[in-house]
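Student: I'd like to go over a predicted model; first the sequence, then the structure.
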Amino acid sequence: MVKKYNISASDLIIYSSLLLGVFLVIWPLLNLLAWALTPTNKVHLLDGLDIFPKGFDIDVFKLMLSNPRVLISFTNSIYITSIGLCLNIFFTSIAAYALSKNYLPGRNIILTIIIFTMVFEPSIVTEFLVVKKIGLFDSYWSIILYKMVNVYYLILMIRFFKELPDAYFEAAEIDGANHFQTFYYIVLPLSVPAMMVIGLFYTVAHWNEYFHAMIYLNDTSKWPLQVLLREFAIVGDRGSMVSYQNILEWGDATQIDIRRMRATIIFITLFPILLLFPLILKYFTKGINLGGIKE
Amino acid sequence: MKLVKKHFILYLFILPTLIFLFIFHYLPIYESKLAFQKYKIIGENEWVGLKYFKILFSYSGFYNVLWNTIIISMMKIVFTFPIPIILALTLNEVRKSSHRKFFQSILYIPHFLSWVIISGIFISMLSINNGAVNNVLQMMDFDPINFLTNSNYVRWILVISEIWRSAGWDSVLYIAAIFSINQELYDSAKIDGATRWQQTIFITLPMIVPMIITVFILNLGFFLSAGFDQVFNLMNAATLSKIDIIDTYVYRIGLLKGDFSLSIAAGLFKGLIGFILIMSTHFIAKKISGRGLW
């Protein structure tokens, strides 16, 4: 049944205000891309409002991606994100599975211990002192482990597991399956969408990590991309954007507009998130039914 | 006891999480004792009681930080909080679901970008030298403004960048609430001749009030946080005095100046107030709407 609506004045207002919102989100991103792609000799023609590049030149992308610091940081980010993600999914889901069993003696005490960490936050300074004491300072593990289990996502998973039909578990018990088998053969296949949702959120959190990496990683060759981006785009250090190795190859690197370099590094950093975005949309529409997500 | 033995394996499932929480949450809480001690590099720390709290509260700079935190949180509640509600109501009026999904998808994007990226984008947009906002101002014959170093504007930049980042995503909860409204209410309103505007004001809005109250109360619980990552990345020497919040203060005096005891005292103060706020808001929210933080 296709129903044709007449376009009324209120439709016009609704569409134009939403289009304005979409425009305000997209336009700064396109403006950045325009800066990144406009050739250096035409950059003076470019306005702060332009969303189309004047001409097309990917020289800054090449320059940035040939900078060893960018490449190392990119690899670090991928490394931290993938290892972190595996640990996140594994430990969150097994703990959530166990905590979804109402009959487990001591469950409420354990839940209280877990929830207390949500309401009382120790300051970053004490966390720093602990990381130093246990010898994780300047190690990738510090930033992987400090967010091994997110309590919000853990609770989300507990709720999800509780909603799985009891019949499955009863059948498994009759067949003599132990908890390992039940988890592996029954729970895992049923919870792929839920795990995708929390997995995507964990991925984004790891990829966007900068602050803990900044204070826990002294060695700049261990920095993830976000910390390097901060150095380039916010602290604004031109020298570090063009490495010494690059200067030999890129004699005219000093001629490149600093704004083009900033725009490019921002784009390199946000590109993986844009790649994930369709997946986020796809699974989140399923995941929203899992219960409210705050954050 | 038999149950414990039977499900022993389940405890093993939880153990890694408990060890993690012990190391990264409970040990730091234990380490907060340093707020009552004088930190010594060699030898035992010396207990000094409330000395550092007294120093903190006799220091006028701390009141400035506290005030900044409160005013920034207030501004965000007044100006940022209503936007996702209005957005959800507007999105609900888009009748074609493919159009609505398109709008939603785009508006969600900024939530997934880090504050480092968003600050980079805002710094470029607000730049005095060919930045988008100043170009618009010049088109309208205004003098350009150096927003990034102007302490009069910096709090508004926090509010606007917060809206830019989270308005779309924060509307998700309200949209879910709108979707669960019983369709019959609208049908009978239509029979009574209610216009779309009347339906929004007299049906949709009242029906999502419980959700609005819940989100509002839960936001209050995080009142003293005021957005560390945002402030940290948009702050500079010129604007520090206007947007230095408790968390940035703790970071600066603790990790940059190395004054551990004083900074942990400030952090503990924030943690305790936060604890009271979160606990009370949780129970209020639970009482009003049956839905708390957990």
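Tutor: Here it is on my side, so go on.
Student: What number of residues are in the vicinity of residue 178?
Tutor: Here I'm looking at chain A. 11 (other CB atoms under 10 Å in any protein chain shown). Bear in mind the C-beta positions are built from the backbone N, C-alpha and C, glycine included.
Student: wrong one, chain B
Tutor: Residues contacting B:I178 under the criterion other CB under 10 Å number 20.
Student: Likewise for B:P210?
Tutor: Neighbour tally, B:P210, other CB under 10 Å: 15.
Student: Which residue, other than its chain neighbours, is closest to it?
Tutor: Spatial nearest neighbour of B:P210, chain neighbours left out: B:S289 (4.4 Å); criterion: CB to CB, 6 or more residues apart in numbering or on different chains.
Student: Likewise for B:I213?
Tutor: Per CB to CB, 6+ apart, closest to B:I213 is B:I288, 5.8 Å.
Student: How about the helix or strand hosting A:R259 and chain B, touching?
Tutor: In this structure, A:R259 sits in helix A:258-287 according to DSSP states H and E. Yes - judged by CB under 8 Å from any CB of the partner chain, helix A:258-287 comes into contact with chain B at A:R259, A:R262, A:A263, A:I266, A:T269, A:L270, A:I273, A:L274, A:L276, A:F277, A:I280, A:L281.
Student: what sits against the last one?
Tutor: When you say that, I think you mean A:L281. A:L281 makes contact with B:S105, B:Y108, according to CB atoms under 8 Å, 6 or more residues apart in numbering or on different chains.
Student: Ok, the third one next?
Tutor: With CB under 8 Å, 6+ apart as the criterion, the residues that contact A:A263 are A:L32, A:L33, A:W35, A:A36, A:V60, B:S124.
Student: helix, strand or coil for the first one?
Tutor: Read that as A:L32. Assigned with DSSP: H, G, I helix; E, B strand; the rest coil, A:L32 falls in the helix class.
Student: What does B:K38 show for phi and psi?
Tutor: In terms of degrees, to the nearest 10, the main-chain angles of B:K38 are phi -90, psi 120.
Student: so who does it touch?
Tutor: Residues near B:K38 by CB under 8 Å, 6+ apart: B:N45, B:E46, B:V48, B:K51, B:S261.
Student: what does B:M279 give?
Tutor: Here B:M279 is in contact with A:V119 (CB under 8 Å, 6+ apart).
Student: Which helix or strand contains it?
Tutor: Assigned by DSSP H and E, B:M279 falls in helix B:260-289.
Student: follow-up on the earlier one: strands - which of the contacts of B:K38 land there?
Tutor: B:E46 (DSSP state E).
Student: Report the contact partners of B:I278.
Tutor: Contact analysis of B:I278 by CB under 8 Å, 6+ apart lists A:M118, A:V119, B:G221, B:F222, B:L293.
Student: burial count for the closest residue to chain B within the stretch 1-150 of chain A?
Tutor: For the stretch 1-150 of chain A, the residue closest to chain B is A:S123, as judged by CB to the nearest CB, at 2.4 Å. For A:S123, the neighbour count with other CB under 10 Å is 27.
Student: The one 10 residues further on now?
Tutor: Other residues lying near A:K133 total 11 when counted by other CB under 10 Å.
Student: Please name the nearest non-neighbouring residue to the residue of the stretch 1-150 of chain A closest to chain B.
Tutor: With sequence-adjacent residues excluded and distances taken as CB to CB, 6+ apart, A:S123 is closest to B:G267, at 2.4 Å.
Student: What is the burial count for that neighbour?
Tutor: Other residues within reach of B:G267, judged by other CB under 10 Å, total 26.
Student: That one reaches B:V250, doesn't it?
Tutor: Yes - in this structure B:G267 lies within contact range of B:V250 using CB atoms under 8 Å: 4.6 Å.
Student: which residues are common contacts for those two?
Tutor: A:S123, A:I124, A:V125.
Student: Which member of the residues you listed is positioned nearest B:M139?
Tutor: The closest of the shared contacts of B:G267 and B:V250 to B:M139 turns out to be A:I124 (CB to CB; 43.4 Å).
Student: ok, that closest one touching A:I215?
Tutor: Yes - A:I124 lies in contact with A:I215 (CB under 8 Å); the separation is 7.5 Å.
Student: so what sits against both of these two?
Tutor: With CB under 8 Å, 6+ apart as the test, A:I124 and A:I215 both reach B:L255.
Student: Which helix or which strand is home to the spatially closest residue to A:I144 that is not a sequence neighbour?
Tutor: The shortest distance from A:I144 to any non-neighbouring residue, by CB to CB, 6+ apart, is to A:G84 (4.5 Å). Using DSSP H and E, A:G84 maps to helix A:68-99.
Student: Contact partners for the residue nearest to A:I144?
Tutor: By CB under 8 Å, 6+ apart, A:G84 lies in contact with A:I143, A:I144, A:K147, A:M148, A:Y202, A:H206.
Student: For B:L10, see how far away it is.
Tutor: According to CB to CB, to the nearest Å, A:G84 stands 25 Å off from B:L10.
Student: For burial, what's the neighbour tally of residue 17?
Tutor: You didn't pick a chain, so chain A it is. 13.
Student: Actually, chain B is the one I wanted.
Tutor: 23.
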